[in-house]
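> Sequence below, structure please.
(one chain, ligands or ions: 1)
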Amino acid sequence: MDYGHRLEFGAFITPTAADPMAPVALARVAEASGLDLATFQDHPYQPSFLDAWTLMSFVAAQTERIRIAPNVLNLPLRPPAVLAGAAASLDLLSGGRFDLGLGAGGFWDAIESMGAPRLSPAESVVALEEAIDIIRGLWNTGERGGLFADGEFHHVRGAKRGPRPAHEIPILIGALKPRMLRLRGRKGDGWLPSMAYLQPGDLAKGNTVIDEAAASVGRDPHEIRRLLNIGAGPSSTQPWAEELAQLTLEHGTSTFIVMGDDPNLLAHFGQEVAPAVRELVSAERARHGTGEASTRSTIALSRRRDGIDYDGVPEGLAAIEPGDFAYSEVSSTYMRGGAPGIILQPETAEQVAAAVAFARRHPGIPLSTRSGGHGISGRSTNDGGIVIDLRRMNDIEVIDHDRRLVRIGPGARWMEVAAALGEFGWALSSGDYGGVGVGGLATAGGIGWLAREHGLTIDHLRAAEIVLADGSIKRADASTNPDLFWAVRGAGANIGIVTSFEFEVSEVGEIGWAQLSFDASDTAAFLEGWGALVEAAPRDLTAFLILGGRRPGQPQVATMMAVVDSPDPDTIIDRLNPFAQLAPLLQQFVQLSTYARVMANADHGPQSGAGEPLASSALLDHITPEFAQAAERMLEAGGSYFFQLRSTWAHA
Ligand SMILES: Cc1cc2nc3c(=O)[nH]c(=O)nc-3n(C[C@H](O)[C@H](O)[C@H](O)COP(=O)(O)OP(=O)(O)OC[C@H]3O[C@@H](n4cnc5c(N)ncnc54)[C@H](O)[C@@H]3O)c2cc1C
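Take a look at the predicted model:
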């Protein structure tokens, strides 16, 4: 039976220690030859072999595209909780290129010689199942609390979860015995036997056992990939390709891993045999009207939300659904918990237009646009709707050096922009937090550390490319679509989806960066005084003030954070000194820095906002006595746990 999987081809490489760079070189040949997988044996008791984890990490660093897997990992010598972390780490370091081939153990004399107990075949199955549960449990960082498992062979007692792998690492299981096959059907993502150990009829029998076991737990047999380690076939391409195509069409084998440490063999396999097998199989599938099967599991499909035409997602447009591994990382935003029905991640303006067309076909379904996910209103996520998430459109490029003109994608974060422009001694007035996205801030305003000297972000906008609701892609600048250009500078979210921004940026060198904490117990007087000092200060100073709820028995603390756009220490001290006289200083910190360093204050981790955001803001011309007294009353009453005043100055 053909399960309709996408065909993949790999290499089985001997981890020889005698010539340690040889397996690395073979993995590079495999990658250059177009193979999908480089796999390595794991025999820790074999002194002529390199350690598999160390070798795989080295190979990952020396390659860019090819996936890496142990073929297969010796479980009895690898405690599962440690193994989970190692696998997730390699997956993260390699950019999601790790598959976990897992074996219950063999060569028991050798295993015992390394200190692990000998297990019977029946015990090995139980131990493997317990290990799989622990590994998956530790990868599941969405679950709160530590992991407890009290198995017959493996125990964890509140083990901390994580790291979370970069992708849903498939667990591929070797071995042939029926108990193992049934475990694979219940819990595995792939069956990885070696042709050399198979008797005629074993593939068909093995598939039947796996399929029945899968069905017994409500899984679709398509969810389990069928891999095969093979030896070199006939030297000419076509007969070999026909042999393999027949295995796919009759037994559903969809990953062929060739054994043999010969670069010529790998090149021939990757460049000639693999394309020929693909061609034969796709011709046969086309003849029977069958294509590639969905890679989503039955559970994943059951989590789809009503009203969304999941099968109608435009081709080539990346989509994340509620049942997908990546979903929990993209469903919520910084400020709000969300549960969208689908998250589309376009990479070009044309794909954004296609995503908008998809959304137009769903008139009753909420639609959100997201760039950095820091929107205060939380509108960039929703419940059951469509999200157009622009994170992949994050290029930053200089388009005219003399005019300091740069083009920036909406998915870039402001700390990335600051770092990229800092290389040229430039900066673009943005916000105070490096994790905020370009798209939301640059369509709204942008009040940040350079605001009094360099204005708002939108003051620097010279052109934008926008996808409108009808799917058309427009350029807007002072002379082309000037109305649109006017609207995008402040009300961008209401008129379309901006797919790129062109900004004229400023020359900004070293700056002064200060944090001063005051005893502001006489809050109204302090606020009034602070406002007057900011208004009187030269424009190279931009200052923000943060106050929170007052703790019982403690003074009201006010923290001023300020940037002085000058590399001169005397100027910086000069600007800050008047503030230092305003109220008793509790703490002070001033340093020469750069805008890029000040903005490098966020991480790239997933956003995990929960509930609904509650925030309000307003513009003030001056801090009047009335305002200062009202603010004091509000803070005294515990009306805000985070109250912030920002100084700015908008260009006329
Ligand atoms: C921790 C934090 C610090 C902040 N600091 C500052 C600051 O210093 N200065 C400041 O001015 N603001 C600041 N903000 C506010 C922030 O700038 C806005 O909320 C901004 O809209 C966030 O942009 P985003 O792309 O990250 O958000 P998202 O949540 O992705 O989007 C926010 C809104 O913009 C719309 N939108 C997003 N991308 C596009 C696009 N490409 N085209 C059209 N519309 C789009 C969305 O539909 C949504 O309504 C801060 C917010 C947070 C949470």
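
> Relative to Met21, how far out is the residue of the stretch 501-650 of the chain found nearest the ligand?
Here the stretch 501-650 of the chain gets closest to the ligand at one residue, Arg646, 7.4 Å apart by Cβ to the nearest ligand atom. No exception for glycine: its C-beta is placed from N, CA and C like everyone else's. Arg646 sits at a distance of 56 Å from Met21 (criterion: Cβ to Cβ, to the nearest Å).

> Likewise for Gly270?
Taking Cβ to Cβ, one finds Gly270 at 20 Å from Met21.

> wait, His43 sits on Asp51?
No - using Cβ atoms under 8 Å, His43 is not in contact with Asp51; the gap is 9.9 Å.

> can you tell me which residues contact the residue nearest to His622 when sequence neighbours are not counted?
Once flanking residues are discounted, His622 sits nearest to Gly531: 6.2 Å by Cβ to Cβ, 6 or more residues apart in numbering. Going by Cβ atoms under 8 Å, 6 or more residues apart in numbering, Gly531 touches His622, Ile623, Ala628, Leu645.

> picking that back up, quick one, which of Arg646 and Met21 is more surrounded?
Using other Cβ atoms under 10 Å as the criterion, Arg646 and Met21 rank with Arg646 on top: 21 against 11.

> residues touching the more buried one, list them.
Contacts of Arg646 (Cβ under 8 Å, 6+ apart): Ile447, Ala451, Phe544, Leu545.

> which residues of the chain score low on pLDDT?
650-652 (pLDDT under 70).

> where does the residue in the stretch 301-450 of the chain positioned nearest to the ligand land in three-state SS?
At 2.0 Å from the ligand, Gly440 is the closest residue in the stretch 301-450 of the chain, using Cβ to the nearest ligand atom. Per DSSP: H, G, I helix; E, B strand; the rest coil, the secondary structure class of Gly440 is helix.

> residues near it, how many?
27.

> Contact partners for it?
Applying Cβ under 8 Å, 6+ apart, the residues near Gly440 are Arg370, Ser371, Gly372, His374, Gly375, Ser380, Ala493.

> Among these, name the ones in helices.
Among the contacts of Gly440, the residues falling in helices (DSSP state H) are Ala493.

> quick check, nearest of the contacts of Gly440 to Gly422?
Gly372 (19.0 Å; Cβ to Cβ).

> Would you mind listing the residues in contact with the closest one?
Counted by Cβ under 8 Å, 6+ apart, Gly372 has contacts Arg391, Gly411, Arg413, Trp414, Gly435, Val436, Gly437, Val438, Gly439, Gly440, Leu441.

> if I look at it, how far off is Arg475?
Counting by Cβ to Cβ - Gly372 and Arg475 are separated by 23 Å.

> which secondary structure elements does the helix or strand Gly490 falls within contact?
Element membership of Gly490 [criterion: DSSP states H and E] is helix 482-495. Packing partners of helix 482-495 (3 or more Cβ pairs under 8 Å, 6 or more residues apart in numbering; DSSP states H and E): strand 461-467, strand 473-477.

> Report whether the last one contacts the ligand.
No - using Cβ under 6 Å from any ligand atom, we find that strand 473-477 stays clear of the ligand, coming within 11.9 Å at best.

> strand partners of that strand, parallel vs antiparallel please.
Strand pairing for strand 473-477, using DSSP bridges, gives strand 461-467 (antiparallel).

> contacts for the strand it pairs with?
With Cβ under 8 Å, 6+ apart, strand 461-467 has contacts from 349, 352-353, 356, 405, 442, 473-478, 480, 484-485, 488-489, 492, 495-504.

> how about stretch 551-558: buried residues?
Buried residues in stretch 551-558, defined by neighbour count with 16 or more other Cβ atoms under 10 Å: Pro555, Gln556, Val557, Ala558.

> now do stretch 562-579
Buried, per 16+ other Cβ under 10 Å, within stretch 562-579: Ala562, Val563, Val564, Asp565, Ser566, Thr571, Ile572, Asp574, Arg575, Leu576, Phe579.

> So for the helix ranked longest in the chain, what gets flagged as buried?
Longest helix in the chain, counting residues (DSSP H): helix 121-139. By neighbour count on 16+ other Cβ under 10 Å, the buried set for helix 121-139 is 124-139.

> Closest one to the ligand out of the residues you listed, please.
Trp139 (27.5 Å).

> No more questions from me, cheers.
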